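Chemist: sequence isn't available, so here's the structure alone:
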């Protein structure tokens, strides 16, 4: 199963067998990792997937796949460059930075006159009012990470409920 659908152009590197093993020469490796970051972000943004879909690491047409060790190198680089966040074994893709997501969410709240009110995380990531917004459908763990960053800027306060999965968490925006 090919991960790029016809309406998205597959990057040329994806059909180039040496793209799959991590290259030993530093300059080549840097370029390779930059290409992997771009490919991963483009794919996940296009498909609106927030957690890394490991299908990107395999190209069946040329019988190539990244080894588990190489996947770890690529994901670590993604995180080191601010385009991913690890949470245990899960890796979340940031095709926008945490600050950019925070700005989008805070802007949406401000435009609707909702500053000073409390919204649930569910209302933000899956509510009827957010449908069509770029953050609609965002994984709740990633959303709480963005809200926490807004809190450090004094723009929001995360209010945890009883649940560890954030299902009853709320946020007050300033």
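Modeler: Sure, I can see it. As the structure is a prediction and not an experimental result, all values here were calculated from the model.
Chemist: where do the helices of the chain begin and end?
Modeler: For the chain, applying DSSP state H gives helices covering 26-47, 68-80, 98-111, 121-126, 140-152.
Chemist: write down the beta-bridge partners of the residue lying closest to residue 159 once chain neighbours are set aside, one by one.
Modeler: Nearest residue to residue 159, sequence neighbours excluded (CB to CB, 6 or more residues apart in numbering): residue 170, at 4.5 Å. The way it works is simple: take the backbone N, C-alpha and C, and place the C-beta from them, glycine included. Beta-bridge pairing of residue 170 under DSSP bridges involves residue 120, residue 159.
Chemist: what's near enough to touch residue 170?
Modeler: Residues in contact with residue 170 (CB atoms under 8 Å, 6 or more residues apart in numbering) are 118-121, 158-159, 161.
Chemist: at 7 Å instead, please
Modeler: Each residue near residue 170 by CB atoms under 7 Å, 6 or more residues apart in numbering is listed here: 118-120, 159.
Chemist: one more: residue 150?
Modeler: 102, 106, 156.
Chemist: next one: residue 155
Modeler: By CB under 7 Å, 6+ apart, the neighbours of residue 155 are 106, 173-174.
Chemist: those residues, buried ones only, as a PyMOL selection?
Modeler: The buried residues among the contacts of residue 155 can be selected in PyMOL (16 or more other CB atoms under 10 Å) with this line:
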select buried, resi 106+173
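Chemist: centroid residue for the protein?
Modeler: residue 93 (2.4 Å; CA atoms, centre = their mean).
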